[in-house]
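Novice: next comes the sequence, and after it the predicted model I'd like to discuss.
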Amino acid sequence: MRAARRVSNVRRVRRGAVYRDARCFSTSAARPNEQKQETIWPQKGEETMSFFDSVSHYYTQASKYTTFDEDILKLVKKCSSVYRVKFPVKVNVDEKTGKHNIIVVEGYRVQHSHHRLPVKGGIRYSEEVTQDEVMALASLMTLKCAVVNVPFGGAKGGIKINPKKFGVGTLESITRRYASELIKKGMLGPGLDVPAPDMGTGPREMAWIKDTYEAFHPNEINSAGCVTGKPISQGGILGRNEATGLGVYYCIREAVKYAEDMTPLKLTTGIAGKRVVIQGLGNVGYHSAYFLHEDGAKIIAIAEKDGGLINRSGIDITALFKHMSNGGKFLDFAGAEKVSKDDSTRLLEEECDILVPAALENQITDQNAPRIKAKIIAEAANGPVTSAADEILFKNGVLIIPDILCNAGGVTVSYFEWLKNLSHVSMGKMNRRYEAKGKERIMNFLAGLSQKTLTDAQMHELATGATEKDIVYSGLEDTMIRSYTALRNIRLEKKCPLRIAAFVDAITKVGTSYNQLGIWP
């Protein structure tokens, strides 16, 4: 009887998934028994668009700059699969009596586009997870992968929990059960669907997912490639932890090198001396701040959910990180002035050159956009600027580096990790010593010509082969530079915002792929 009930529930979910597939990326389709209502552009003083609707709006705007017919545009828009699952998990287990409580956990996995496989996208743990949010993030992943030329379709997952409310054992049970549900539906695997960390998850959860997948597929030689963002010992890659923040830095560095783009903003070229405000000091926010600080930028303010810090002379990011690593609280850092929780969001409106929102979506709305004083906004988070705010900021001359490029460093290095797992060898392992010896021969030859002798330390510094991290950093830097340059060229050609240029680029690539694949059967 229980088995029959479970089958019935799965069927009910799948029927819902089929319906939602048809709705994905459409702002006008109504649910059964619901009246259709067309989404309109937000009027002054209100926000009528959800995150999902904002993505759809940008897609519609960008589609006007392409030459695809309506059928292909609809094909690119759709979500291929939307899976919602609810499963029980034991909590408060008494080891002696076996008594326990049961909670029902709700999870999602959305595969937006199958134009390339596997699909790729993170898994987030948050009480704010909704189906619309996961669909929007999955669609952004398709576009993001296309913009940086990573050969994946887009996907996203989410579990509706607050991970801080559970112990490690319960989190492991939730993660493994969720992974098993995806495996049963063919939505996890190195050639099918490859998750990664997102908000509320990290290498630990990815290791649990990998181990669960291997329990179901003990003879799968490429099993390590079923997930990325893993610990190094489990097939992870050096550089993945800081990849997204480093990618943000590379994008900003590339944006500020063009004098013709900086002159209208009344800025000089280069990062050195630029005043930066960071929102969110998680993994992405910290590494963005760190690399900008290392290149000479002044981090004048950091906004967090429980308060903020401000020092217009510049916050020492290294010292702040050391303070927090030693157990100190963020707000107790002596190198900056404390800002209360109520005033923390106002730091977004602080006068600065570059604003880096690295927290959640919908942080800059039509309500606070008119007060934003930043000249450049680098979207380190997904969807931090609403569509209504985007229009206001564009009219005010703000240069926005869109999320589908700016925070694509994570998926780029995840691609490198996936390649490492499929090749079963670390990057640089086969040729590092060969490169080093080749450099040594060149340096010895030059030393002979100049009749100068290099010390062992000098030789080691100049004649070292590339490490895995060196290769990852180099590949990421090249990817972000090439991608930004391509989008900037489209922006100049089409005379459109950089965000629309990014959507045009992505739609063109995905649409071309669908045209070449054809329809089967």
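Specialist: Sure thing, it's come through.
Novice: tell me which residues in stretch 285-295 are buried?
Specialist: By 16 or more other C-beta atoms under 10 Å, the buried positions in stretch 285-295 come out as 285, 286, 287, 288, 289, 290, 291, 292, 293. For glycine as for every other residue, the C-beta is placed from the backbone atoms N, C-alpha and C.
Novice: which of the residues you listed fall in helices?
Specialist: Mapping the buried residues of stretch 285-295 onto helices (DSSP state H) picks out 285, 286, 287, 288, 289, 290, 291, 292, 293.
Novice: format those residues as CSV; extra columns: pLDDT and distance to residue 119.
Specialist: Converted to CSV, those look like this (pLDDT from 0 to 100; distance: C-beta to C-beta, whole Å):
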residue, pLDDT, distance to residue 119
285, 93, 27
286, 94, 29
287, 95, 26
288, 96, 27
289, 96, 31
290, 96, 31
291, 97, 29
292, 97, 32
293, 95, 35
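Novice: how long is stretch 105-120 end to end?
Specialist: Using C-alpha to C-alpha, to the nearest Å, one end of stretch 105-120 lies 23 Å from the other.
Novice: try stretch 365-373
Specialist: Taking C-alpha to C-alpha, stretch 365-373 runs 14 Å from one end to the other.
Novice: backbone phi and psi for residue 88, please?
Specialist: phi -90, psi 150 (degrees, to the nearest 10).
Novice: so it touches residue 101, yeah?
Specialist: No: using C-beta atoms under 8 Å, residue 88 is not in contact with residue 101; the gap is 10.2 Å.
Novice: for the stretch 201-350 of the chain, what spans make up the strands?
Specialist: Along the stretch 201-350 of the chain, counting by DSSP state E, counting those that start in this stretch, strands occupy 275-279, 298-304, 307-310, 337-339.
Novice: let me know which of the ones you listed is the nearest to residue 357.
Specialist: Of all those, it is strand 275-279 that lies closest to residue 357, at 4.6 Å by C-beta to C-beta.
Novice: buried residues, the closest one. List them.
Specialist: Buried, per 16+ other C-beta under 10 Å, within strand 275-279: 275, 276, 277, 278, 279.
Novice: surely the second one and residue 299 touch.
Specialist: So the one you mean is residue 276. Yes: look at residue 276 against residue 299 with C-beta under 8 Å: they come within range, at 5.2 Å.
Novice: so for the two, which residues contact both of them?
Specialist: Common contact partners of residue 276 and residue 299 (C-beta atoms under 8 Å, 6 or more residues apart in numbering): 289, 292.
Novice: so can I have a markdown table of the strands of the stretch 201-350 of the chain showing distance to residue 97 and mean pLDDT?
Specialist: Formatted as a markdown table, those follow (distance: least, C-beta to C-beta, whole Å; pLDDT from 0 to 100):
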| stretch | distance to residue 97 | mean pLDDT |
| --- | --- | --- |
| strand 275-279 | 48 | 96 |
| strand 298-304 | 43 | 94 |
| strand 307-310 | 44 | 93 |
| strand 337-339 | 49 | 90 |
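Novice: which SS state does the closest residue to residue 374 other than its chain neighbours fall under?
Specialist: Nearest residue to residue 374, sequence neighbours excluded (C-beta to C-beta, 6 or more residues apart in numbering): residue 355, at 3.6 Å. In three-state terms, and counting by DSSP: H, G, I helix; E, B strand; the rest coil, residue 355 is strand.
Novice: from here on, count from 7
Specialist: Happy to do that; since the first residue is 7 now, the last one works out to residue 361.
Novice: count the residues that sit near residue 361.
Specialist: Applying other C-beta atoms under 10 Å, we find 30 residues neighbouring residue 361.
Novice: what's opposite it in the beta bridge?
Specialist: residue 283, residue 383 (DSSP bridges).
Novice: got a list of what it touches?
Specialist: 282, 283, 285, 354, 378, 380, 382, 383, 384.
Novice: what about 10 Å?
Specialist: For residue 361, the contact set (C-beta atoms under 10 Å, 6 or more residues apart in numbering) comprises 281-285, 307, 309, 353-355, 370, 378-386, 390-391, 404, 406.
Novice: and residue 519, what helix or strand is that in?
Specialist: Per DSSP states H and E: residue 519 is located in helix 504-523.
Novice: buried residues, that helix. List them.
Specialist: Residues of helix 504-523 classed as buried by neighbour count (16+ other C-beta under 10 Å): 504-520.
Novice: where along the stretch 57-206 of the chain do the helices fall?
Specialist: Shown for the stretch 57-206 of the chain, the helices assigned by DSSP state H, counting those that start in this stretch span residues 57-69, 76-83, 137-153, 174-190.
Novice: next one: the stretch 407-527 of the chain
Specialist: Under DSSP H, counting those that start in this stretch, the stretch 407-527 of the chain gives helices at 409-412, 415-429, 438-456, 462-468, 474-500, 504-523.
Novice: return the most buried member of those helices.
Specialist: Among these, helix 409-412 has the highest mean neighbour count (mean count of other C-beta atoms under 10 Å), at a mean of 29.
Novice: ok so, going back, mean pLDDT and mean neighbour count added to the helices of the stretch 57-206 of the chain, as TSV?
Specialist: Shown next, in TSV, are the helices of the stretch 57-206 of the chain (pLDDT from 0 to 100; neighbours: other C-beta atoms under 10 Å):
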stretch	mean pLDDT	mean neighbour count
helix 57-69	87	21
helix 76-83	89	16
helix 137-153	94	27
helix 174-190	96	19
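Novice: so where's the chain uncertain?
Specialist: 7-55 (pLDDT under 70).
Novice: show me the contacts for the nearest residue to residue 443 once chain neighbours are set aside.
Specialist: Leaving aside its chain neighbours, residue 443 sits nearest to residue 469 (7.9 Å; criterion: C-beta to C-beta, 6+ apart). Contact analysis of residue 469 by C-beta under 10 Å, 6+ apart lists 441, 442, 443, 444, 445, 446, 447, 448, 449, 450, 460.
Novice: out of the residues you listed, who's nearest residue 349?
Specialist: Nearest to residue 349 among the contacts of residue 469 is residue 441, at 52.7 Å by C-beta to C-beta.
Novice: that closest one and residue 472 touch, don't they?
Specialist: Yes: between residue 441 and residue 472 there is a contact under C-beta atoms under 10 Å: 6.4 Å.
Novice: need the overlap of contacts for those two.
Specialist: residue 434.
Novice: how close does residue 77 sit to residue 186?
Specialist: In this view, residue 77 and residue 186 are 38 Å apart by C-beta to C-beta, to the nearest Å.
Novice: scratch that, residue 358 is what I was asking about
Specialist: Residue 358 sits at a distance of 47 Å from residue 186 (criterion: C-beta to C-beta).
Novice: got it, and residue 478?
Specialist: For residue 478 relative to residue 186 (C-beta to C-beta), the value is 31 Å.
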